[in-house]
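Novice: my questions concern the predicted model and sequence given below.
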Amino acid sequence: MHVLLIGSGGREHALAWKLAQSPEIGDFYAAPGNPGIAAHAVCVALDVTDHAAVTAFCREKAIDLVVVGPEAPLVDGLADTLRAAGIDTFGPSREAAQLEGSKGFTKELCKRANIPTARYERCTSLEAAWGALKKFDPPFVLKADGLAAGKGVVIADTREEAQNALNEMFDGKFGSAGSEVVIEQFLTGEEASFFALTDGTAILPIGTAQDHKRVGEGDTGPNTGGMGAYSPAPVLSEALQAQVMREIVEPTVQTLREEGMPYSGVLYAGLMLTKDGPQLIEYNARFGDPECQVLMMRLESDLVELMQACARGTLGEVAAPVLSDDFALTVVMAAEGYPGTPKKGGPIDLSEAEAGGAKVFHAGTKLEGDTLTSSGGRVLNVTARGASATEAQANAYAAVDAIDFADGFCRRDIGQREVRRERG
Ligand code: AMP
Ligand code: GLY
(Lines give C-alpha, C1' and ligand atoms only; values in the text may rest on other atoms or scores of the structure.)
(Ligands and ions follow the chains in the order given, each with its own letter.)
Protein backbone atom coordinates (compact mmCIF):
# COMPACT_ATOMS: atom_id res chain seq x y z
CA MET A 1 0.00 0.00 0.00
CA HIS A 2 1.36 3.42 -1.00
CA VAL A 3 1.04 6.00 1.75
CA LEU A 4 1.43 9.79 1.93
CA LEU A 5 1.87 11.31 5.40
CA ILE A 6 1.20 15.04 5.83
CA GLY A 7 3.19 16.91 8.47
CA SER A 8 6.68 17.63 9.76
CA GLY A 9 6.77 17.35 13.54
CA GLY A 10 7.57 14.80 16.21
CA ARG A 11 4.04 13.44 16.01
CA GLU A 12 4.53 12.72 12.32
CA HIS A 13 7.96 11.17 12.90
CA ALA A 14 6.35 8.77 15.39
CA LEU A 15 3.56 7.99 12.91
CA ALA A 16 6.10 7.46 10.12
CA TRP A 17 8.18 5.15 12.30
CA LYS A 18 5.12 3.06 13.13
CA LEU A 19 3.61 3.09 9.63
CA ALA A 20 6.96 1.96 8.18
CA GLN A 21 6.87 -1.14 10.41
CA SER A 22 3.68 -2.37 8.73
CA PRO A 23 3.98 -5.36 6.43
CA GLU A 24 1.42 -3.55 4.26
CA ILE A 25 3.54 -0.50 3.52
CA GLY A 26 4.65 0.03 -0.06
CA ASP A 27 5.94 3.35 -1.38
CA PHE A 28 5.94 5.83 1.48
CA TYR A 29 6.08 9.62 1.12
CA ALA A 30 5.92 12.46 3.62
CA ALA A 31 5.11 16.10 2.90
CA PRO A 32 7.10 17.96 3.95
CA GLY A 33 8.59 15.51 6.48
CA ASN A 34 11.80 16.13 8.42
CA PRO A 35 15.27 14.54 8.75
CA GLY A 36 13.93 11.92 11.17
CA ILE A 37 11.02 11.02 8.92
CA ALA A 38 13.45 10.75 6.00
CA ALA A 39 14.72 7.48 7.49
CA HIS A 40 11.31 5.93 6.75
CA ALA A 41 9.73 7.89 3.91
CA VAL A 42 10.69 9.91 0.87
CA CYS A 43 10.21 13.56 1.88
CA VAL A 44 8.60 15.74 -0.76
CA ALA A 45 8.13 19.50 -0.86
CA LEU A 46 4.39 19.71 -1.47
CA ASP A 47 2.36 22.77 -0.58
CA VAL A 48 -0.34 21.13 1.54
CA THR A 49 -2.54 24.23 1.34
CA ASP A 50 -2.73 23.58 -2.42
CA HIS A 51 -5.28 20.77 -2.36
CA ALA A 52 -5.18 20.30 -6.12
CA ALA A 53 -1.41 19.79 -5.98
CA VAL A 54 -1.76 17.19 -3.21
CA THR A 55 -4.45 15.36 -5.21
CA ALA A 56 -2.30 15.42 -8.34
CA PHE A 57 0.65 14.03 -6.40
CA CYS A 58 -1.51 11.21 -5.02
CA ARG A 59 -2.70 10.32 -8.52
CA GLU A 60 0.81 10.41 -9.97
CA LYS A 61 2.21 8.16 -7.23
CA ALA A 62 -0.88 5.93 -6.98
CA ILE A 63 -1.25 6.74 -3.28
CA ASP A 64 -3.71 4.41 -1.52
CA LEU A 65 -3.89 6.20 1.82
CA VAL A 66 -3.19 9.74 2.98
CA VAL A 67 -2.56 10.25 6.70
CA VAL A 68 -3.03 13.84 7.87
CA GLY A 69 -1.00 14.58 11.03
CA PRO A 70 -1.77 18.19 12.03
CA GLU A 71 -5.08 19.97 12.49
CA ALA A 72 -4.69 22.93 10.12
CA PRO A 73 -5.06 20.95 6.85
CA LEU A 74 -8.09 19.15 8.31
CA VAL A 75 -9.83 22.35 9.34
CA ASP A 76 -8.91 23.60 5.87
CA GLY A 77 -10.79 20.70 4.23
CA LEU A 78 -7.89 18.71 2.76
CA ALA A 79 -9.55 15.40 3.69
CA ASP A 80 -12.75 16.46 1.87
CA THR A 81 -10.86 17.24 -1.34
CA LEU A 82 -8.93 13.97 -1.24
CA ARG A 83 -12.00 11.87 -0.49
CA ALA A 84 -13.92 13.60 -3.28
CA ALA A 85 -11.08 12.50 -5.57
CA GLY A 86 -11.53 8.92 -4.39
CA ILE A 87 -8.39 8.82 -2.22
CA ASP A 88 -8.70 7.13 1.19
CA THR A 89 -7.76 9.63 3.88
CA PHE A 90 -7.17 9.30 7.60
CA GLY A 91 -8.55 12.44 9.20
CA PRO A 92 -11.93 14.14 9.54
CA SER A 93 -13.77 16.36 7.09
CA ARG A 94 -13.74 20.12 7.45
CA GLU A 95 -17.17 20.03 9.09
CA ALA A 96 -16.27 17.31 11.59
CA ALA A 97 -12.88 18.93 12.33
CA GLN A 98 -14.80 21.85 13.82
CA LEU A 99 -14.59 19.78 16.99
CA GLU A 100 -11.10 21.25 17.17
CA GLY A 101 -11.54 24.27 14.91
CA SER A 102 -14.35 25.90 16.88
CA LYS A 103 -14.75 25.82 20.64
CA GLY A 104 -18.31 27.13 20.25
CA PHE A 105 -19.19 24.28 17.87
CA THR A 106 -17.99 21.71 20.39
CA LYS A 107 -19.75 23.33 23.33
CA GLU A 108 -23.05 23.37 21.43
CA LEU A 109 -22.60 19.76 20.38
CA CYS A 110 -22.06 18.90 24.06
CA LYS A 111 -25.28 20.66 24.90
CA ARG A 112 -27.26 18.83 22.18
CA ALA A 113 -25.77 15.44 23.09
CA ASN A 114 -25.83 15.98 26.86
CA ILE A 115 -22.06 15.53 27.20
CA PRO A 116 -20.52 16.65 30.53
CA THR A 117 -18.52 19.84 30.04
CA ALA A 118 -18.08 23.18 31.81
CA ARG A 119 -21.00 25.63 31.75
CA TYR A 120 -20.32 28.28 29.09
CA GLU A 121 -21.37 31.38 27.18
CA ARG A 122 -20.54 32.06 23.52
CA CYS A 123 -19.84 35.75 22.83
CA THR A 124 -19.44 37.45 19.49
CA SER A 125 -18.75 40.98 20.71
CA LEU A 126 -16.67 42.58 23.42
CA GLU A 127 -19.75 44.11 25.04
CA ALA A 128 -21.48 40.73 25.20
CA ALA A 129 -18.34 39.14 26.61
CA TRP A 130 -17.95 41.75 29.35
CA GLY A 131 -21.61 41.20 30.18
CA ALA A 132 -21.29 37.40 30.22
CA LEU A 133 -18.34 37.62 32.63
CA LYS A 134 -20.86 38.61 35.32
CA LYS A 135 -22.31 35.11 35.18
CA PHE A 136 -19.01 33.54 36.25
CA ASP A 137 -16.76 33.58 39.29
CA PRO A 138 -12.96 33.68 39.21
CA PRO A 139 -10.80 32.13 37.96
CA PHE A 140 -12.23 32.96 34.54
CA VAL A 141 -11.62 30.66 31.57
CA LEU A 142 -11.61 32.54 28.25
CA LYS A 143 -11.17 30.78 24.93
CA ALA A 144 -10.72 32.23 21.47
CA ASP A 145 -13.12 30.23 19.31
CA GLY A 146 -10.81 29.22 16.45
CA LEU A 147 -7.42 27.57 15.97
CA ALA A 148 -4.74 29.50 17.85
CA ALA A 149 -1.86 27.01 17.91
CA GLY A 150 -2.68 25.99 21.47
CA LYS A 151 -2.41 29.57 22.71
CA GLY A 152 -6.03 30.70 22.58
CA VAL A 153 -6.96 29.88 26.19
CA VAL A 154 -6.52 32.41 28.99
CA ILE A 155 -7.16 31.63 32.65
CA ALA A 156 -7.62 34.95 34.45
CA ASP A 157 -7.57 35.20 38.24
CA THR A 158 -9.35 38.53 38.49
CA ARG A 159 -12.21 40.22 36.67
CA GLU A 160 -9.87 42.99 35.55
CA GLU A 161 -7.41 40.53 34.05
CA ALA A 162 -10.28 38.79 32.31
CA GLN A 163 -11.56 42.07 30.87
CA ASN A 164 -8.08 42.94 29.61
CA ALA A 165 -7.72 39.52 28.01
CA LEU A 166 -11.11 39.88 26.33
CA ASN A 167 -10.08 43.31 25.02
CA GLU A 168 -7.00 41.75 23.47
CA MET A 169 -8.92 38.84 21.98
CA PHE A 170 -11.50 41.03 20.30
CA ASP A 171 -8.67 43.34 19.28
CA GLY A 172 -7.23 40.54 17.14
CA LYS A 173 -4.50 39.08 19.35
CA PHE A 174 -5.33 35.61 17.98
CA GLY A 175 -6.40 36.85 14.56
CA SER A 176 -9.79 35.69 13.34
CA ALA A 177 -9.71 32.90 15.97
CA GLY A 178 -10.69 35.57 18.50
CA SER A 179 -13.67 37.09 16.69
CA GLU A 180 -15.77 34.82 18.88
CA VAL A 181 -14.94 33.91 22.47
CA VAL A 182 -16.21 31.20 24.79
CA ILE A 183 -16.26 31.96 28.51
CA GLU A 184 -16.59 28.93 30.72
CA GLN A 185 -16.70 27.73 34.27
CA PHE A 186 -13.33 26.76 35.79
CA LEU A 187 -13.09 23.03 36.45
CA THR A 188 -10.94 21.49 39.16
CA GLY A 189 -9.32 18.09 38.96
CA GLU A 190 -6.57 16.18 37.23
CA GLU A 191 -6.25 16.44 33.45
CA ALA A 192 -5.83 13.39 31.24
CA SER A 193 -6.19 12.57 27.58
CA PHE A 194 -8.13 9.77 25.94
CA PHE A 195 -7.68 8.75 22.31
CA ALA A 196 -10.06 6.80 20.10
CA LEU A 197 -10.08 5.80 16.45
CA THR A 198 -13.39 5.99 14.63
CA ASP A 199 -14.76 5.63 11.13
CA GLY A 200 -17.89 7.54 12.05
CA THR A 201 -19.66 4.48 13.45
CA ALA A 202 -17.28 2.02 15.12
CA ILE A 203 -15.03 3.38 17.88
CA LEU A 204 -11.83 1.76 19.16
CA PRO A 205 -9.88 3.29 22.05
CA ILE A 206 -6.17 3.71 21.33
CA GLY A 207 -4.76 4.67 24.70
CA THR A 208 -4.49 7.31 27.36
CA ALA A 209 -1.79 9.84 28.18
CA GLN A 210 -0.93 12.84 30.30
CA ASP A 211 1.23 15.72 29.17
CA HIS A 212 3.10 18.62 30.73
CA LYS A 213 2.07 21.91 29.17
CA ARG A 214 4.14 24.44 31.14
CA VAL A 215 7.71 25.15 30.14
CA GLY A 216 9.15 25.01 33.67
CA GLU A 217 9.69 22.28 36.20
CA GLY A 218 6.90 21.86 38.74
CA ASP A 219 4.43 23.05 36.04
CA THR A 220 5.53 26.68 36.16
CA GLY A 221 6.05 29.36 33.52
CA PRO A 222 4.27 29.91 30.21
CA ASN A 223 2.24 27.32 28.34
CA THR A 224 3.84 25.39 25.49
CA GLY A 225 2.68 22.83 22.95
CA GLY A 226 3.81 20.23 25.49
CA MET A 227 7.17 19.57 27.17
CA GLY A 228 6.68 15.85 27.65
CA ALA A 229 4.09 13.13 28.06
CA TYR A 230 3.61 9.61 29.26
CA SER A 231 1.25 6.75 28.56
CA PRO A 232 -0.77 5.13 29.99
CA ALA A 233 -2.41 7.59 32.38
CA PRO A 234 -3.32 5.27 35.25
CA VAL A 235 -5.69 7.90 36.70
CA LEU A 236 -7.94 6.99 33.79
CA SER A 237 -8.90 3.62 35.25
CA GLU A 238 -10.72 1.03 33.15
CA ALA A 239 -13.96 2.16 34.79
CA LEU A 240 -13.32 5.83 34.01
CA GLN A 241 -12.38 4.98 30.42
CA ALA A 242 -15.66 3.12 30.02
CA GLN A 243 -17.47 6.16 31.43
CA VAL A 244 -15.63 8.48 29.02
CA MET A 245 -16.62 6.26 26.10
CA ARG A 246 -20.24 6.09 27.22
CA GLU A 247 -20.80 9.69 28.28
CA ILE A 248 -18.47 11.62 25.99
CA VAL A 249 -16.98 9.83 22.97
CA GLU A 250 -19.92 7.66 21.87
CA PRO A 251 -22.52 10.45 21.99
CA THR A 252 -20.11 12.72 20.07
CA VAL A 253 -19.57 10.24 17.26
CA GLN A 254 -23.23 9.29 17.15
CA THR A 255 -24.50 12.86 17.10
CA LEU A 256 -22.10 13.93 14.36
CA ARG A 257 -23.13 10.92 12.28
CA GLU A 258 -26.83 11.58 12.80
CA GLU A 259 -26.36 15.23 11.89
CA GLY A 260 -24.73 14.33 8.60
CA MET A 261 -21.11 15.16 9.42
CA PRO A 262 -19.60 11.78 10.34
CA TYR A 263 -16.21 11.99 12.03
CA SER A 264 -13.43 9.70 10.88
CA GLY A 265 -9.87 9.64 12.13
CA VAL A 266 -8.58 9.94 15.67
CA LEU A 267 -10.55 11.76 18.31
CA TYR A 268 -8.45 13.20 21.11
CA ALA A 269 -10.50 14.07 24.17
CA GLY A 270 -8.87 16.42 26.69
CA LEU A 271 -10.54 15.63 30.01
CA MET A 272 -10.79 17.06 33.49
CA LEU A 273 -11.35 14.32 36.04
CA THR A 274 -13.57 16.21 38.46
CA LYS A 275 -15.14 14.88 41.63
CA ASP A 276 -18.40 14.68 39.66
CA GLY A 277 -16.81 12.54 36.95
CA PRO A 278 -14.89 13.20 33.73
CA GLN A 279 -15.75 16.40 31.88
CA LEU A 280 -14.70 17.33 28.37
CA ILE A 281 -12.27 20.27 28.25
CA GLU A 282 -11.63 20.13 24.55
CA TYR A 283 -11.47 17.93 21.50
CA ASN A 284 -8.65 17.72 19.02
CA ALA A 285 -9.13 16.26 15.57
CA ARG A 286 -5.67 14.62 15.44
CA PHE A 287 -3.18 12.86 17.65
CA GLY A 288 -1.58 14.94 20.40
CA ASP A 289 1.98 16.10 20.04
CA PRO A 290 3.90 14.73 22.00
CA GLU A 291 1.19 12.30 23.20
CA CYS A 292 1.30 10.48 19.85
CA GLN A 293 4.97 9.66 20.40
CA VAL A 294 4.23 7.69 23.60
CA LEU A 295 1.16 6.00 22.12
CA MET A 296 3.12 4.83 19.07
CA MET A 297 5.90 3.56 21.32
CA ARG A 298 3.35 1.24 22.99
CA LEU A 299 1.22 0.33 19.97
CA GLU A 300 1.64 -3.28 18.92
CA SER A 301 -1.03 -3.37 16.19
CA ASP A 302 -0.57 -2.59 12.52
CA LEU A 303 -1.15 1.15 12.17
CA VAL A 304 -1.66 1.02 8.39
CA GLU A 305 -4.51 -1.45 8.80
CA LEU A 306 -6.16 0.64 11.54
CA MET A 307 -5.87 3.92 9.66
CA GLN A 308 -7.10 2.40 6.42
CA ALA A 309 -10.11 0.96 8.24
CA CYS A 310 -10.95 4.42 9.63
CA ALA A 311 -10.65 5.89 6.16
CA ARG A 312 -12.75 3.19 4.49
CA GLY A 313 -15.46 2.85 7.12
CA THR A 314 -14.48 -0.72 8.01
CA LEU A 315 -13.20 -0.16 11.54
CA GLY A 316 -15.91 -2.49 12.87
CA GLU A 317 -14.16 -5.37 11.07
CA VAL A 318 -10.67 -5.00 12.56
CA ALA A 319 -9.31 -6.03 15.95
CA ALA A 320 -9.02 -3.34 18.61
CA PRO A 321 -5.56 -1.71 18.89
CA VAL A 322 -3.26 -3.55 21.26
CA LEU A 323 -0.95 -1.46 23.42
CA SER A 324 1.90 -2.97 25.42
CA ASP A 325 1.61 -3.02 29.22
CA ASP A 326 4.81 -0.99 29.38
CA PHE A 327 4.90 2.70 30.15
CA ALA A 328 6.27 5.03 27.54
CA LEU A 329 7.59 8.47 28.41
CA THR A 330 8.82 11.25 26.16
CA VAL A 331 10.95 14.24 27.11
CA VAL A 332 10.85 17.25 24.79
CA MET A 333 14.20 18.91 24.17
CA ALA A 334 13.47 22.47 23.13
CA ALA A 335 15.74 25.20 21.82
CA GLU A 336 16.75 28.01 24.17
CA GLY A 337 14.15 30.77 24.06
CA TYR A 338 11.13 28.48 23.58
CA PRO A 339 8.18 29.13 23.92
CA GLY A 340 9.34 32.61 22.88
CA THR A 341 11.64 32.94 19.89
CA PRO A 342 13.83 29.83 19.83
CA LYS A 343 17.52 29.92 18.96
CA LYS A 344 17.85 28.11 15.64
CA GLY A 345 20.76 26.41 13.94
CA GLY A 346 22.44 24.83 16.98
CA PRO A 347 24.20 21.53 16.15
CA ILE A 348 22.84 18.25 17.53
CA ASP A 349 24.66 14.94 17.94
CA LEU A 350 22.39 11.95 18.37
CA SER A 351 24.96 9.22 17.71
CA GLU A 352 24.80 7.76 21.24
CA ALA A 353 21.15 8.53 22.01
CA GLU A 354 19.40 5.32 21.02
CA ALA A 355 22.03 2.88 22.33
CA GLY A 356 19.87 1.96 25.34
CA GLY A 357 16.70 1.28 23.32
CA ALA A 358 15.25 4.80 23.43
CA LYS A 359 13.83 6.39 20.30
CA VAL A 360 14.49 10.01 19.39
CA PHE A 361 11.73 11.54 17.30
CA HIS A 362 12.61 14.69 15.38
CA ALA A 363 10.26 17.61 15.93
CA GLY A 364 12.21 20.66 14.74
CA THR A 365 15.42 19.60 13.04
CA LYS A 366 17.13 20.33 9.77
CA LEU A 367 20.18 18.95 7.99
CA GLU A 368 22.80 21.52 7.09
CA GLY A 369 25.27 19.57 5.03
CA ASP A 370 25.95 16.54 7.21
CA THR A 371 25.15 18.35 10.45
CA LEU A 372 21.81 17.98 12.18
CA THR A 373 20.69 21.36 13.53
CA SER A 374 17.69 22.76 15.38
CA SER A 375 15.07 24.54 13.29
CA GLY A 376 12.16 25.10 15.67
CA GLY A 377 11.04 25.50 19.27
CA ARG A 378 10.42 21.90 20.18
CA VAL A 379 13.36 20.08 18.60
CA LEU A 380 13.55 16.45 19.81
CA ASN A 381 11.22 14.01 21.57
CA VAL A 382 13.35 11.58 23.50
CA THR A 383 11.12 8.58 24.08
CA ALA A 384 11.65 5.40 26.06
CA ARG A 385 9.73 2.49 27.49
CA GLY A 386 9.94 0.75 30.84
CA ALA A 387 7.95 -1.63 33.01
CA SER A 388 6.89 1.34 35.18
CA ALA A 389 6.76 5.11 34.84
CA THR A 390 9.87 5.20 37.03
CA GLU A 391 11.78 2.94 34.65
CA ALA A 392 10.54 4.66 31.51
CA GLN A 393 11.55 8.03 33.03
CA ALA A 394 15.04 6.76 33.90
CA ASN A 395 15.48 5.32 30.39
CA ALA A 396 14.31 8.52 28.71
CA TYR A 397 16.62 10.76 30.76
CA ALA A 398 19.57 8.39 30.18
CA ALA A 399 18.99 8.98 26.47
CA VAL A 400 18.62 12.74 27.00
CA ASP A 401 21.99 12.72 28.76
CA ALA A 402 23.57 10.93 25.82
CA ILE A 403 22.52 13.72 23.42
CA ASP A 404 24.84 16.56 22.58
CA PHE A 405 22.67 19.65 21.94
CA ALA A 406 24.27 22.69 23.57
CA ASP A 407 21.41 25.06 22.70
CA GLY A 408 18.77 22.70 24.02
CA PHE A 409 16.98 22.37 27.33
CA CYS A 410 14.34 20.10 28.80
CA ARG A 411 12.30 19.68 31.94
CA ARG A 412 13.82 17.11 34.30
CA ASP A 413 10.50 16.19 35.92
CA ILE A 414 8.45 14.65 33.11
CA GLY A 415 6.28 11.90 34.59
CA GLN A 416 7.13 12.92 38.15
CA ARG A 417 3.52 12.77 39.34
CA GLU A 418 3.31 9.13 38.26
CA VAL A 419 6.74 8.31 39.66
CA ARG A 420 5.65 9.73 43.04
CA ARG A 421 2.49 7.61 42.91
CA GLU A 422 4.57 4.53 42.21
CA ARG A 423 6.75 5.30 45.25
CA GLY A 424 3.52 5.36 47.27
P1 AMP B 1 -7.63 23.88 25.80
O2 AMP B 1 -6.85 24.54 24.70
O3 AMP B 1 -9.12 24.03 25.67
O4 AMP B 1 -7.16 22.46 26.03
O5 AMP B 1 -7.20 24.59 27.14
C6 AMP B 1 -5.85 24.68 27.49
C7 AMP B 1 -5.71 24.37 28.95
O8 AMP B 1 -6.46 25.29 29.72
C9 AMP B 1 -6.24 23.01 29.35
O10 AMP B 1 -5.32 22.01 29.12
C11 AMP B 1 -6.53 23.23 30.81
O12 AMP B 1 -5.35 23.12 31.57
C13 AMP B 1 -6.98 24.65 30.86
N14 AMP B 1 -8.45 24.70 30.84
C15 AMP B 1 -9.23 24.79 29.74
N16 AMP B 1 -10.54 24.82 30.08
C17 AMP B 1 -10.58 24.77 31.43
C18 AMP B 1 -11.64 24.78 32.40
N19 AMP B 1 -12.92 24.89 32.04
N20 AMP B 1 -11.29 24.70 33.69
C21 AMP B 1 -10.01 24.61 34.08
N22 AMP B 1 -8.97 24.62 33.23
C23 AMP B 1 -9.25 24.69 31.91
N1 GLY C 1 0.09 18.24 23.50
C2 GLY C 1 -1.15 18.89 23.31
C3 GLY C 1 -1.67 18.88 21.94
O4 GLY C 1 -1.18 18.20 21.05
O5 GLY C 1 -2.64 19.58 21.70
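Specialist: Received, thanks. Ligands and ions are numbered 1, 2, ... in the order given.
Novice: so what's the residue most central in space within the chain closest to, chain neighbours aside?
Specialist: Among the residues of the chain, the one closest to the centroid is Gly288, at 1.6 Å (Cα atoms, centre = their mean). In space, and not counting its chain neighbours, Gly288 is closest to Tyr268: 5.5 Å by Cβ to Cβ, 6 or more residues apart in numbering. For the C-beta atoms, the positions are set from N, CA and C on the backbone; glycine is no exception.
Novice: show me what the one you found is bridged to.
Specialist: Beta bridges link Tyr268 to Phe195, Asn284, judged by DSSP bridges.
Novice: and for the one 4 residues further on?
Specialist: Listed by DSSP bridges, the beta-bridge partners for Met272 are Glu191, Gln279.
Novice: look up how far Leu240 lies from it.
Specialist: To Leu240, Met272 is 12 Å away according to Cβ to Cβ, to the nearest Å.
Novice: any shared contact partners between these two?
Specialist: Common neighbours of Met272 and Leu240, using Cβ atoms under 8 Å, 6 or more residues apart in numbering, are Pro278.
Novice: so Gln363 touches Ser374, yeah?
Specialist: To be clear, residue 363 is Ala; Gln isn't right here. No: between Ala363 and Ser374 there is no contact under Cβ atoms under 8 Å: 9.5 Å.
Novice: how about whichever residue of the stretch 251-400 of the chain sits closest to ligand 2, secondary structure?
Specialist: Proximity to ligand 2, evaluated over the stretch 251-400 of the chain using Cβ to the nearest ligand atom, is greatest for Gly288 at 3.6 Å. With DSSP: H, G, I helix; E, B strand; the rest coil as the basis, the three-state label of Gly288 is coil.
Novice: now do Ala53
Specialist: Taking three-state DSSP, the label given to Ala53 is helix.
Novice: against ligand 1, how distant is it?
Specialist: According to Cβ to the nearest ligand atom, to the nearest Å, Ala53 and ligand 1 sit 31 Å apart.
Novice: per-residue pLDDT of that residue, please?
Specialist: Looking at Ala53, its pLDDT is 97.
Novice: same deal with Gly131?
Specialist: On the pLDDT scale, Gly131 gets 83.
Novice: how many residues are close by it?
Specialist: Burial of Gly131 is recorded as 12 neighbouring residues (other Cβ atoms under 10 Å).
Novice: OK, contacts around Ala162?
Specialist: 133, 138, 140, 142, 154, 156.
Novice: now with 7 Å, please.
Specialist: 133, 140, 142, 156 (Cβ atoms under 7 Å, 6 or more residues apart in numbering).
Novice: try Arg411
Specialist: 212, 217, 227-228.
Novice: how about 6 Å then?
Specialist: By Cβ atoms under 6 Å, 6 or more residues apart in numbering, the contact set of Arg411 is 217, 227.
Novice: that one should be in a strand, yeah?
Specialist: No: secondary structure of Arg411 (three-state DSSP): coil, not part of a strand.
Novice: check which helix or strand covers the one residue in the stretch 201-350 of the chain that gets nearest to ligand 1.
Specialist: In the stretch 201-350 of the chain, the residue that lies nearest ligand 1 is Glu282 (3.5 Å; Cβ to the nearest ligand atom). Following DSSP states H and E, one finds Glu282 within strand 277-284.
Novice: which SSE is immediately downstream of that strand?
Specialist: Next along from strand 277-284, by DSSP H and E: helix 291-298.
Novice: thinking Gly69 is in contact with Gly7, fair?
Specialist: Yes: between Gly69 and Gly7 there is a contact under Cβ atoms under 6 Å: 2.9 Å.
Novice: contact residues of the chain facing ligand 2?
Specialist: Residues of the chain lying close to ligand 2 (Cβ under 6 Å from any ligand atom) are 150, 211, 225-226, 284, 288-289, 291.
Novice: same thing but 5 Å
Specialist: 211, 226, 288-289 (Cβ under 5 Å from any ligand atom).
Novice: now rank those residues by neighbours and give me the top one.
Specialist: Neighbour-wise, those (other Cβ under 10 Å) top out at Asp289, 29 neighbours.
Novice: chain neighbours aside, what residue packs nearest to that one?
Specialist: Asp289's closest residue in space is Arg11 (Cβ to Cβ, 6+ apart), at 3.8 Å.
Novice: before we move on, what about Leu187?
Specialist: Met272 is the one closest to Leu187 (Cβ to Cβ, 6+ apart), at 4.3 Å.
Novice: swap in Gln210?
Specialist: Gln210's closest residue in space is Ala233 (Cβ to Cβ, 6+ apart), at 4.5 Å.
Novice: the nearest residue to Phe170 once chain neighbours are set aside: neighbouring residues, count only.
Specialist: Excluding the flanking residues, the one nearest Phe170 by Cβ to Cβ, 6+ apart is Leu126, at 4.2 Å. Number of residues near Leu126 (other Cβ under 10 Å) recorded here: 15.
Novice: I'd say Leu126 and Met169 touch.
Specialist: No: applying Cβ under 6 Å, one finds Leu126 not in contact with Met169, separated by 8.4 Å.
Novice: how much space between Ile155 and Leu187?
Specialist: 11 Å.
Novice: ok, the two, which is more surrounded?
Specialist: A direct count of neighbours by other Cβ under 10 Å for Ile155 and Leu187 places Leu187 higher, at 19 against 15.
Novice: what pLDDT does the model give the more buried one?
Specialist: So, for Leu187, pLDDT stands at 96.
Novice: what's near enough to touch it?
Specialist: By Cβ under 6 Å, 6+ apart, the neighbours of Leu187 are 118, 272, 274, 279.
Novice: out of these, which are buried?
Specialist: 118, 272, 279 (16 or more other Cβ atoms under 10 Å).
Novice: could you work out the most separated pair of the contacts of Leu187?
Specialist: Largest separation among the contacts of Leu187 by Cβ to Cβ: Ala118 and Thr274, giving 9.3 Å.
Novice: straight-line length of stretch 393-411, end to end?
Specialist: Taking Cα to Cα, to the nearest Å as the measure, stretch 393-411 stretches 12 Å from start to finish.
Novice: so where do the helices sit in the stretch 151-300 of the chain?
Specialist: 159-170, 238-244, 250-258, 291-298 (DSSP state H, counting those that start in this stretch).
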